[in-house]
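A.B. asks: Next come a sequence and a model predicted from it.
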Amino acid sequence: MNESDATHADNDAETRDNPTNVVQRERVVDSAIRSCPAALNTMVSEVPWVMDSKGRLVWVHPASESLYSCKADDLLGDASNRLRYIHAEDRKHVTDTWSRLAKEKRVELEYRIVVDGKKTERVSETIVSLNPDHPGHFGGLTRVVTDRHHLEGALRDSEAVYLSLVESLPLSVLRKDSRGRIQYANARACEQMGKPVEELIGRSDFD
């Protein structure tokens with residue numbers, strides 16, 4: 001690199017690192033993100049944020065606008081700004097969990113939020129204490145788990161129907177794992193083997 005190139009490189013570095021230019025670039029990026037919430041939903045599956053020890057958000061990712069259907073700035077400040085979007089029945093659970101952060105440093109929770117005053121979404125959050133440079137501040141990730149919650153409910157219902165069916169069959173039904181150990185036995189199987197289900201679980205044909 002000759003002296004002229006080195007001079008240009010130094011000037012570029014100074015321009016790039018100038019605080020004013022850094023702020024301007026951040027504003028451009030922030031504006032671009034806010035202008036395409038649909039694309040943002042595809043790119044960002046988790047909404048990061050930072051709150052203080054009183055539950056006040058001090059920063060939140062613009063992706064929150066798609067999740068809460070409001071301006072990100074509307075969530076900042078007093079804890080009530082975010083709590084109003086949390087389902088009334090879940091607010092105490094959320095605030096009680098926040099209060100544990102001083103001791104536990106990391107918590108996980110699930111709760112419901114109400115979007116546009118009518119649509120309910122279930123979200124899960126992981127909240128951790130930030131490094132010592134930011135005492136009393138916590139970072140969190142919020143993700144929508146509504147579909148997963150519905151799927152888990154459907155699976156539970158399906159399993160209940162299955163168990164009800166096999167318990168009513170006039171046949172012995174056993175379910176074993178890959179090692180041949182009993183994982184489930186219906187009432188008829190227990191009757192024929194002369195043992196309660198508690199004694200059959202975990203046993204194999206060789207026990």
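C.D. replies: Sure, I can see it.

A.B. asks: Surely residue 78 touches residue 57?
C.D. replies: No. Under the criterion of Cβ atoms under 8 Å, residue 78 is not in contact with residue 57, lying 9.1 Å apart. In this view, the C-beta of every residue, glycine as well, is placed from N, C-alpha and C.

A.B. asks: Residue 187 touches residue 168, doesn't it?
C.D. replies: No. Under the criterion of Cβ under 8 Å, residue 187 makes no contact with residue 168, lying 9.1 Å away.

A.B. asks: Comparing the two, which shows the higher neighbour count?
C.D. replies: More neighbours sit around residue 187 than around the other of residue 187 and residue 168, counting by other Cβ atoms under 10 Å; the figures are 14 against 10.

A.B. asks: Identify the residues contacting the more buried one.
C.D. replies: By Cβ atoms under 8 Å, 6 or more residues apart in numbering, residue 187 lies in contact with residue 167.

A.B. asks: can I have the helix or strand where residue 92 lies written out in PDB, keeping just the CAs?
C.D. replies: Following DSSP states H and E, one finds residue 92 within helix 91-99. Listed in PDB are the C-alpha atoms of helix 91-99, where the atom choice follows Å, rounded to 0.1, in the frame of the first residue of the first chain:
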ATOM      1  CA  ARG A  91     -49.400 -10.400  35.000                       C
ATOM      2  CA  LYS A  92     -48.800 -11.500  38.600                       C
ATOM      3  CA  HIS A  93     -46.900 -14.600  37.400                       C
ATOM      4  CA  VAL A  94     -44.700 -12.400  35.200                       C
ATOM      5  CA  THR A  95     -43.900  -9.800  37.900                       C
ATOM      6  CA  ASP A  96     -43.300 -12.500  40.500                       C
ATOM      7  CA  THR A  97     -40.800 -14.100  38.100                       C
ATOM      8  CA  TRP A  98     -39.100 -10.800  37.500                       C
ATOM      9  CA  SER A  99     -38.600 -10.400  41.300                       C
END
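
A.B. asks: Confidence-wise, which helix or strand of the protein is lowest on average?
C.D. replies: When each helix and strand of the chain is scored by mean pLDDT, DSSP states H and E, helix 37-43 comes last, with a mean of 42.

A.B. asks: so what strands line up beside the very next helix or strand once past that helix?
C.D. replies: Counting by DSSP H and E, the element after helix 37-43 in chain order, helix or strand, is strand 47-52. Each strand that pairs with strand 47-52, with its direction, by DSSP bridges: strand 57-60 (antiparallel), strand 137-144 (antiparallel).

A.B. asks: which residues in this structure form helices?
C.D. replies: Per DSSP state H, the chain carries helices over the ranges 3-17, 19-34, 37-43, 64-68, 80-83, 91-99, 101-104, 146-168, 187-193, 197-200.

A.B. asks: before we move on, back to that, now tabulate the strands paired with strand 47-52 in CSV and tack on mean neighbour count and distance to residue 122.
C.D. replies: Conversion of those to CSV gives the following (neighbours: other Cβ atoms under 10 Å; distance: least, Cβ to Cβ, whole Å):
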stretch, mean neighbour count, distance to residue 122
strand 57-60, 17, 19
strand 137-144, 18, 7
